[in-house]
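*Asks:* sequence and predicted model, in that order:
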Amino acid sequence: MPIPAAEIARVVDSYPKRPGVGTVGSHSALDVADGAVAEGLTSVVLVQAGRDATYAQYFRTLRDAGGRRRRGCVDEVWTYPKFADLASPESQERLRQRGVLLVPNRAMSSYVPLATLESDLRVPIVGARAMLRIEERTERENYYRLLESAGIPSPRAIASPDAIDRLAIVKLPHARRRLERGFFTAATAEEYRTKSRALLERGTIAADDLAQARIEEYVLGPVFNFNFFFSPLVPRTEGLELLGVDERRESNLDGMVRLPAAQQLELPAAERIPEYLVVGHGTLTVRESTLEEVFRIGEKFVDAARARYPPGILGPFCLQTCIDRDGHLTVFDVAARIGGGTNVHLALGHPYGNALYREPMSTGRRIALEIRRAAEDGRLKEIVT
Ligand code: AMP
């Protein structure tokens with residue numbers, strides 16, 4: 001059962017004027033922490049024991065004798081035996097007592113069961129709690145359905161391996177590293193069979209996942225991840241902002257494309273199938289005449305999300321796209337929360353966000369600004385679920 005909005009509203013009503021900004025320590029936590037302290041809020045990073053050094057040691061806030069920040073941006077580190085323990089009753093009570101608003105990231109929605117996030121975690125989330133599940137491709141109500149209802153182009157689905165009639169990408173999780181990808185491409189049914197057999201033998205993919213995999217058209221074109229922000233605190237015409245664009249570095253795909261063709265062909269057969277492990281991010285801008293289409297798609301997404309998952313998208317979201325040779329965008333993945341690549345503008349701000357705000361505006365800072373404004377105006381309940 002979803003947690004009633006009135007219950008979350010009661011919790012935020014008891015929060016102080018300067019709530020804490022909490023996030024799970026992975027993914028984009030540094031951006032969120034940096035943004036929180038830039039806006040004069042306290043950052044709280046929730047970590048799993050053994051995965052805490054980045055936050056507890058290297059980016060930890062250190063203050064001088066007068067209490068002024070001397071270094072770092074992670075004010076508090078709360079350590080749990082497992083990430084999922086952050087949803088235990090004791091932890092929830094502590095988060096509420098401390099006045100913490102949680103900023104969801106993919107680490108949170110991967111390590112804490114979705115059912116717990118939806119029905120048990122009675123701590124306000126800055127964002128659309130009900131939309132975290134749509135990222136799961138195996139769900140019936142997934143992001144493809146939302147894109148379709150929004151009229152946003154997404155890659156054409158291919159019904160079965162035998163229907164592969166063009167370059168296709170097969171999407172399934174990695175067999176052992178469950179949060180990673182076991183994607184592969186195939187242009188014919190035969191290639192699908194040869195490659196899937198090799199990947200099954202190599203232990204990269206599992207048969208059960210393969211049976212459920214989504215097969216879709218491969219869009220030939222560079223990847224642009226658009227980092228948007230939607231604010232319900234301003235008139236609808238001002239609500240949508242584009243902050244910045246990132247791209248991913250994926251191993252071993254990016255390693256392969258750095259090899260000349262002759263050397264690629266010399267790779268042993270088993271190493272010729274690239275994997276898509278995200279290992280870092282870069283920054284991009286987009287051709288200026290494409291921006292209008294980017295905004296059109298962003299607006300459609302906001303409207304469709306409001307209609308299908310009220311109150312709809314709140315705060316940051318990311319549309320991952322390929323742009324084809326006609327300059328058209330196809331959205332192949334959606335994050336209805338902070339995107340995974342926003343650290344590219346950690347502390348510097350995103351180019352478009354900076355142009356809009358006339359000062360450094362990263363995604364993390366934009367989230368904190370929203371929280372600060374909402375808290376000052378007594379409107380926190382409008383930005384949380
Ligand atoms: P995802 O897990 O959906 O974020 O996708 C991982 C990577 O696969 C992306 O960064 C793209 O490089 C690639 N990709 C996913 N879907 C498509 C598609 N339909 N066409 C081309 N590339 C894709």
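*Replies:* On my side now, so go ahead. Numbers count the residues shown, from 1 in each chain.
*Asks:* return the residues of the stretch 1-150 of the chain in contact with the ligand.
*Replies:* If contact is defined as C-beta under 6 Å from any ligand atom, none of the residues of the stretch 1-150 of the chain are in contact with the ligand. In short, each C-beta sits where N, CA and C put it, glycine included.
*Asks:* could you report the pLDDT at R178?
*Replies:* R178 is assigned a pLDDT of 84 by the prediction.
*Asks:* what count of nearby residues applies to it?
*Replies:* Under the neighbour criterion other C-beta atoms under 10 Å, R178 is assigned a count of 11.
*Asks:* that one and L172: what is the separation?
*Replies:* R178 sits 11 Å away from L172, taking C-beta to C-beta, to the nearest Å as the criterion.
*Asks:* tell me where the stretch 251-385 of the chain has helices.
*Replies:* Counting by DSSP state H, counting those that start in this stretch, one finds helices in the stretch 251-385 of the chain at the ranges 253-257, 261-266, 291-308, 351-357, 363-376.
*Asks:* whoops, I mixed them up, the stretch 101-250 of the chain
*Replies:* All helices of the stretch 101-250 of the chain, identified by DSSP H, counting those that start in this stretch, fall at 106-111, 114-119, 143-150, 189-202, 207-212, 236-239.
*Asks:* show the average pLDDT along the third one.
*Replies:* Taken as a whole, helix 143-150 has a mean pLDDT of 97.
*Asks:* quick one on the thing from earlier: ranking the helices of the stretch 101-250 of the chain by burial, who's on top?
*Replies:* The highest mean neighbour count among the helices of the stretch 101-250 of the chain belongs to helix 106-111 (a mean of 21), with neighbours defined as mean count of other C-beta atoms under 10 Å.
*Asks:* find me the pLDDT at N343, would you?
*Replies:* pLDDT, the model's per-residue confidence, is 96 for N343.
*Asks:* neighbours of the closest residue to it other than its chain neighbours, how many?
*Replies:* Taking C-beta to C-beta, 6 or more residues apart in numbering, and ignoring the residues beside it in sequence, N343 has D31 as its nearest neighbour in space, at 5.1 Å. Neighbouring residues of D31 were enumerated by other C-beta under 10 Å; the total is 29.
*Asks:* element containing D31, please.
*Replies:* helix 29-38 (DSSP states H and E).
*Asks:* correct me, but K381 touches S14?
*Replies:* No. In this structure, K381 is not within contact of S14 by C-beta atoms under 8 Å, at 11.4 Å.
*Asks:* of the two, give the one with the bigger neighbour count.
*Replies:* When K381 and S14 are compared for neighbours, K381 comes out ahead with 18 against 9, by other C-beta under 10 Å.
*Asks:* quick one: contacts for the more buried one?
*Replies:* 5, 8-9, 12-13 (C-beta atoms under 8 Å, 6 or more residues apart in numbering).
*Asks:* what is the nearest of these to D162?
*Replies:* Compare each of those with D162 using C-beta to C-beta and the shortest gap goes to A5, at 46.6 Å.
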